[in-house]
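Asker: Curious how this folds, go ahead:
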Amino acid sequence: MNIKKILISQPKPQTEKSPYYDLASKYGTEVVFRPFIKVEGLSFKEFKAQKVEVLDYTAIIFTARTAIDHFFRICKEIRVTIPETMKYFCVTENVAVYLQKYIQYRKRKIFFSPTGKFADLMPAIRKHNTEKYLLAVSDVNKDNNTAILEENGIEFTKAAFYKTVSNDFTPDEPFDYNMLVFFSPEGINSLLKNFPDYQQGDTVIATFGASTAKAVTDAGLRLDIAAPNEKASSMSAAIDMFFTENKVNKK
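Answerer: Okay, here's the model as predicted:
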């Protein structure tokens, strides 16, 4: 089996220290980083359609830095000044620290999960169970955070501040890949939007996560590599194992 060009549907790493570059070197293949999807902020009109009044809430929950950027962007557009009494609950310390881009970090009440898991943020949220929480998410949010909040009797509203859209291919952009690697169902949707008559043929499709794998089969495509699995916990390790087992690029 020959695989000369792989599309990784993620942004290009900022450094050369990536397991995908190691794979390229090991097997003599080319790796191209090219997301199928991109994030855009909701417009003023789109946000207002949700009928959410930011100042009705006393605490904000952030699970990503992208949510922080678009929350404060929207607040600026609707001319809302966030009071110093607002509390912030973040899924990781890195997300919490990112808040200092917009607020005086040391002067605000900021909490974060010690493990990066939303469930481990709950003790802090339960301690402040009289707050009215606003959960800032994307338009395709499918995690179970809302279920955890509901199970704990937390009063909250989920509001979208940004959306995931197809990162369309231009007419003159080549699509000559032997392997496609996806990390979300939205990536599969974008593939079919860009190429409605797409025929997989010998192209290898690899996915990370159960929902992404299901999106492939639901689209009537062949799933060749699914990660994580019993033998490979990462996408790069699953690809490496597939290459070895199928003697990829071996003469």
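Asker: where do the helices sit along the stretch 151-251 of the chain?
Answerer: Assigned by DSSP state H, counting those that start in this stretch, the helices in the stretch 151-251 of the chain fall at 185-194, 210-218, 235-245.
Asker: As a markdown table, the ones you listed with mean pLDDT would be great.
Answerer: Shown next, in a markdown table, are the helices of the stretch 151-251 of the chain (pLDDT from 0 to 100):
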| stretch | mean pLDDT |
| --- | --- |
| helix 185-194 | 93 |
| helix 210-218 | 93 |
| helix 235-245 | 95 |
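Asker: Please work out which of these is packed deepest.
Answerer: Greatest average neighbour count among these goes to helix 185-194 (a mean of 20), per mean count of other CB atoms under 10 Å. Glycine gets a C-beta too; all of them are placed from N, C-alpha and C.
Asker: What is that helix packed up against?
Answerer: strand 37-41, strand 156-166, strand 179-182, helix 210-218 (3 or more CB pairs under 8 Å, 6 or more residues apart in numbering; DSSP states H and E).
Asker: Could you list every helix and strand in contact with the last one?
Answerer: Read that as helix 210-218. strand 179-182, helix 185-194, strand 204-208.
Asker: Of all these, which one is nearest residue 145?
Answerer: Taking CB to CB, helix 185-194 is the member of the helices and strands packed on helix 210-218 nearest to residue 145, at 18.0 Å.
Asker: ok, and what's touching that closest one?
Answerer: 9, 35-37, 140, 164, 166-169, 180, 182, 198, 211-212, 214-216, 219, 221 (CB atoms under 8 Å, 6 or more residues apart in numbering).
Asker: Now a PyMOL select for only the buried ones of those residues.
Answerer: Typed into PyMOL, the next command selects the buried ones out of the contacts of helix 185-194 (criterion: 16 or more other CB atoms under 10 Å):
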select buried, resi 9+35+36+37+164+166+167+169+180+182+212+215+216+219+221
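Asker: count of residues packed around the closest residue to residue 114 other than its chain neighbours?
Answerer: Excluding its sequence neighbours, the residue lying closest to residue 114 (CB to CB, 6 or more residues apart in numbering) is residue 120, at 6.0 Å. Residue 120 is flanked by 13 other residues according to other CB atoms under 10 Å.
Asker: what about residue 120, distance to residue 134?
Answerer: To residue 134, residue 120 is 20 Å away according to CB to CB, to the nearest Å.
Asker: what does residue 177 give?
Answerer: 41 Å.
Asker: And the two? Which one has more around it.
Answerer: residue 134 (23 against 18).
Asker: Can you pull the phi and psi angles for that one?
Answerer: According to degrees, to the nearest 10, the main-chain angles of residue 134 amount to phi -120, psi 120.
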